[in-house]
Each structure stands twice: as C-alpha cells, then as structure tokens.
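**Student:** 3D model of this:
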Amino acid sequence: MTRSVSRSPTATVALPGRPWRVVWISAVAGFLLSVVWSAQFVDQTIGANVAGTILGRDAAEAPIAGILSGVVYAFTTGLAGTFTACNIAALGAVAPMLGERSSALARVRETLRPLGWLCVGMLAVSGVYGAVVGFVGTAMPQFSTASSASGLVPRNVQSMVVFGLIGLVFVYLGLASLGVVPDPLASVSQRFPNARMVLMGALIGGFLIGRPFGLFRKLFRDAAESHNPLYGALAFMLQSAGNIVIMALLFVVLALGLGDRTRRWLAARPGRVALITGAIFITVGVFTVLYWDLRMLAFRDVIWYPVLWK
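**Tutor:** Coordinates of the predicted model:
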C-alpha cells in the first residue's frame, strides 16, 4: 500500500504506506552510527595521515607561512577531513543525483549540474564565514580555549549548537521527503528547481562554523590572526572545496557505474528516490544531533552515552 503526497500542483510522489517504519529504522541506524563512530580513528589515523602524506610532513606541525602556504594547507586539510563526522551528512545528496538517462555523457551532466549548485550554497556560506573570521579575528568564540566548570570550551558549545541545528534540519528534510511533514521547499522549488541543492551546499558550508577538527582549528587561528577577510574567505572556501572532492568523484562514478536496471528501477516509481533520500537524511540527521550534542556531553563526563570507540 502506498500513499501520495503532493509536491507541486502538477505532480505527486508515491510514498510507502507506513513511512514511520522508515523513520524509526533510519533513526536507529543514526543512533548506532553515533555509538560506533571513532573520532580518533577518523581524525587522526585517516585525516592527519592523509594531510601529512600530501604535505610531506606532520600537518599539525607544518608551518603556515603566508597566504600561498595557507591556501595549500586549507585545501589539503579539507581533503583530509573528507571522512570526519561532519561530512557524512553530505551522503544525503546522493539519491537525488541518480539520473535515469542511458548515455554516459548525459549521466555525468546530470550529476555535475546539481554539484555545481551545491557548490554555490557551500562556498557562499564558507566564504562569508571565513571573511567574518578574518575581520573579527581572535575575538571569535571558535578561537577561545577558556574552559568552564563542565569542561566545555566555547568552541565546543559552538559545535554543539551549529551541528545540533544542522542535524535537525536534515531530520526535517528527511521527514518532508517521506511526506510526514510539509515540504518547506515545495513552493520555492517550483520557481528555483535547484534550491534544494543550494540548501544542501549551505549546510555543508555551515560545517566550518562549528568544526572542531584539529587541522581546521590551526587554519582558523591563522585566518583569525591574519585579520585579512579576503584570505579568510579564500582559505575557508578551499577547505570546503577539499571536503567534497572525493564526494564529487564518488557521485560521478555512481552516475557512470549505475546499471540500467537499477536506474530503471529507481525511475519506475518516484517514491523510491524519495524513500532513499528521506532515509539517508534522517539517518545522518539523527547521527549529527546525537554525536555532536549527547556524545560531546558524554566526552566531558556531563552525561553517560554508549560509546564503542573514542
């Protein structure tokens, strides 16, 4: 049994008859992911080693000597941070990009176009934030290391607020995709079909506003101490661009490698893409809220939260 939810005056999307089953399964998946996720392995074993290999030295100790060195460091550490806990939310962009055309060139175009709009939203947010950091300088909360009675420093609180809000947005978008709640972008998308990808990009760009990744903090300090808004904007935009390089390549590979049978199966019922999109959004949204809020408090021994690895 399926149910139809109106997405526009001219189209409906067939959705599962029991969308709450998908919601709960996705929520449990997000919870389990927050339990098994190892920040130490992802940030240090993967992130720091990748950056060190590219730079040819320990990225944490590598000096940032001038603007050119800074922009190289920004892109490199952005690339190294691809698999940090922030960026798994970008997986939600996969399903809407799965094209149905048969020619390889057409599928690549279908993938690159939404990626371009995703970059518009991402670079706008990261660029503006970088300029603000360069202008305000060391007065930014993300720069502070002052501790409180709970052990939370200002940048921890900023991370919790920013990623908590981003996670809730992803959860709501997932629920809207499944037709459980009204779609906030329905009317906007009628006039601007790429609005969803711009919003997705803005959320990815927003990761830098709360990001506590060690290598990013070093770049943040350099941009803040430079008091140069243009350098801050450029460095942060390159950091974001580095974050999505591997994701972009993955999307292109999926577009080329997805079999005709799978594409036809997805295209046969629009509700299938909506189902996949909703499930991914809810999973990563729940993970983002639980990981960056509850696990953060648990890490500071404020509450207890099940953690398999640190």
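
**Student:** Contacts for stretch 229-239, please.
**Tutor:** 67, 70-71, 74-75, 77-78, 81, 123, 126-135, 208, 216, 219, 222-224, 226 (Cβ atoms under 8 Å, 6 or more residues apart in numbering). C-beta here means a position set from N, CA and C on the backbone, and glycine is covered the same way.

**Student:** Please list only the buried members of the residues you listed.
**Tutor:** 70-71, 74-75, 77-78, 81, 123, 126-134, 208, 216, 219, 222-224, 226 (16 or more other Cβ atoms under 10 Å).

**Student:** so what pLDDT did Tyr73 get?
**Tutor:** Tyr73 is assigned a pLDDT of 80 by the prediction.

**Student:** Ramachandran angles for it?
**Tutor:** phi -60, psi -40 (degrees, to the nearest 10).

**Student:** Is the closest residue to it other than its chain neighbours in a helix, a strand, or coil?
**Tutor:** Leaving aside its chain neighbours, Tyr73 sits nearest to Ile64 (5.4 Å; criterion: Cβ to Cβ, 6 or more residues apart in numbering). Per DSSP: H, G, I helix; E, B strand; the rest coil, the local secondary structure of Ile64 is coil.

**Student:** Can you show me the helices along the chain?
**Tutor:** 19-36, 39-40, 49-55, 67-80, 104-136, 154-177, 186-191, 195-210, 214-226, 229-257, 260-268, 270-289, 295-299 (DSSP state H).

**Student:** Which one, of those, ends up nearest to Ala146?
**Tutor:** When the helices of the chain are compared by Cβ to Cβ, helix 154-177 sits nearest Ala146, at 6.4 Å.

**Student:** List the buried residues in that closest one.
**Tutor:** Per 16+ other Cβ under 10 Å, helix 154-177 contains these buried residues: 154-160, 162-167, 169-177.

**Student:** How far away from the center of its chain is it?
**Tutor:** In terms of Cα atoms, centre = their mean, to the nearest Å, the centre of helix 154-177 is set 10 Å apart from its chain centre.
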